[in-house]
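**Q** Sequence first, predicted model second:
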Amino acid sequence: MTSNQQQTIASLGAGLLTGQICVVDCSSILGPSTTLQHFGAQSGGQQPAVEIHKISEYDEDGPFFAWNWLKVGEHAGTHFDAPHTAESGRQHPDGSTETVDPQKLIAPACVIDVSQKCAEQPGCLLDVSDVEAWEASNGPIPSGCWFLMRSGLDARSVASGDDRHPGPTADCIRYLIEKDIVGFGSDCLSTDASDADQMEPPYPAHHLLHAANRFGLASLENLERLPVTGAIFIAAPLKLCNGTGSPIRAMALVPA
Ligand code: MN
C-alpha cells in the first residue's frame, strides 16, 4: 500500500469516527411483516413469509442466552440478487452468493430520482432518455458503480397495498450494462417493474443484468438521503452456499 492509499484509508476511518462521514441505513426491517416480492407461478413462484422462532430467552430452554432461528427466503426484504437467480445468469461460475467477488460489492453509487414521475404514474418505466438526462446533469456514470433508482414508492406501496411499481426498460438496462455498472438497485420490491412479465425479454432487469454477471438490489430504503453522486454503497450478501440472493444490510457512506 502506498502512503497515499494509507492516507485515504486513515481519512475514511477518521471521517467515520468524527461523523463527517455518515452511514445511511438503506435496509428495511426483516421480519414476519416484511412485504415480499411475488412472481406468478409461471415466472418464479412464491416465497414464504419470514418467520422468527425462539430457541431460548434466558429461560428454561437456555438460561444464559437469548437467540432465535429464522425461516427466510433468499429474496426477502432488502436483498441482493446474484446472477445465479436468473436462468440467463446460471452459466457464471462466480455468480452465486458464495462465489461473488466482494471487491465488487462496495462501490460508488449513482442515484436517479424518478419519484415525481412515479407519484403521477406508479407503473412508469425508467428509460434510456432518463439516464441520458441524468448524465447531462451529473456527468458520466463511472465504471463499476451501483446505479440506484429512487421511486419514492418504498413506504407508500406497503401502506396502500398498491403493488404497481416502476422499473427499467430492456434498452435502459442494456445502456447501463454498456456503462459497466456493477448492478442496478431499486427501492421497489423488485429490480423489474410490476408489469415486467409483459416486456421483451420478460423481466429485463433480471434477464439482462444477470446474463451480464451484474447484480440486483431490491427494497432499498432512504435513497433520498443519498447524494446524486458521491456516496459509497455497501451491499454485502451472506455467503450462502450456492445462494441465488440474500437479505442485506444495505448501507451508504455519505458526507455529513
Ligand atoms: Mn430478488
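**A** Structure received. Numbers count the residues shown, from 1 in each chain.
**Q** next one: phi and psi at the residue of the stretch 101-250 of the chain found nearest the ion?
**A** At 4.9 Å from the ion, residue 245 is the closest residue in the stretch 101-250 of the chain, using C-beta to the ion. To be clear about C-beta, it is placed using only N, CA and C from the backbone, and glycine gets the same treatment. When quoted as degrees, to the nearest 10, the phi and psi of residue 245 stand at phi 180, psi 180.
**Q** so where does the residue positioned nearest the centre of the chain fall, helix or strand?
**A** The chain has residue 217 as the residue nearest its centroid, 1.8 Å off, counting by C-alpha atoms, centre = their mean. If you go by DSSP states H and E, residue 217 is part of strand 215-218.
**Q** How about residue 171?
**A** Going by DSSP H and E, residue 171 is in helix 170-178.
**Q** So which elements touch that helix?
**A** helix 128-138, helix 204-211 (3 or more C-beta pairs under 8 Å, 6 or more residues apart in numbering; DSSP states H and E).
**Q** how about the strand holding residue 217: buried residues?
**A** 215-218 (16 or more other C-beta atoms under 10 Å).
**Q** May I have the strands that pair with it, each with its orientation?
**A** Under the criterion DSSP bridges, strand 215-218 sits next to strand 79-81 (antiparallel), strand 183-186 (parallel) in its sheet.
**Q** how far is the last one from where the chain is centred?
**A** Translated: strand 183-186. Its chain's average C-alpha position is 5 Å from that of strand 183-186, according to C-alpha atoms, centre = their mean, to the nearest Å.
**Q** what is the mean pLDDT for it?
**A** Across strand 183-186, pLDDT averages out at 98.
**Q** For that strand, give me every contacting residue.
**A** 146-149, 151, 165, 167-168, 173, 176, 191, 205, 209, 214-220, 233, 235, 250 (C-beta atoms under 8 Å, 6 or more residues apart in numbering).
**Q** quick one: the nearest residue to residue 31 once chain neighbours are set aside and residue 131, what's the gap?
**A** Leaving out its chain neighbours, the residue that sits closest to residue 31 by C-beta to C-beta, 6 or more residues apart in numbering is residue 50, at 5.7 Å. Here the criterion is C-beta to C-beta, to the nearest Å. By it, residue 50 lies 34 Å from residue 131.
**Q** residues touching the residue of the stretch 51-200 of the chain found nearest the ion, list them.
**A** The ion sits closest to residue 75 of the stretch 51-200 of the chain, with a gap of 3.6 Å, by C-beta to the ion. By C-beta under 8 Å, 6+ apart, the contact list for residue 75 reads 36-37, 47, 81, 85, 218, 244-245.
**Q** By neighbours, which of those residues wins?
**A** residue 81 (29 neighbours; other C-beta atoms under 10 Å).
**Q** Chain neighbours aside, what residue packs nearest to it?
**A** residue 216 (3.3 Å).
**Q** The one you found against residue 204, yeah?
**A** No. Judged on C-beta atoms under 8 Å, residue 216 makes no contact with residue 204 at a distance of 11.5 Å.
**Q** And the pLDDT at the residue of the stretch 101-250 of the chain closest to the ion?
**A** At residue 245, pLDDT is 98.
**Q** follow-up on the earlier one: how about the residue nearest to the centre of the chain: which residues does it bridge to?
**A** The residues that residue 217 bridges to, once DSSP bridges is applied, are residue 80, residue 185.
**Q** residues contacting it?
**A** Contacts for residue 217 (C-beta under 8 Å, 6+ apart) come out as 78-81, 146, 148, 183-186, 191, 235, 248, 250.
**Q** Can you tell me the closest non-neighbouring residue to the residue of the stretch 101-250 of the chain closest to the ion?
**A** Per C-beta to C-beta, 6+ apart, closest to residue 245 is residue 74, 4.2 Å.
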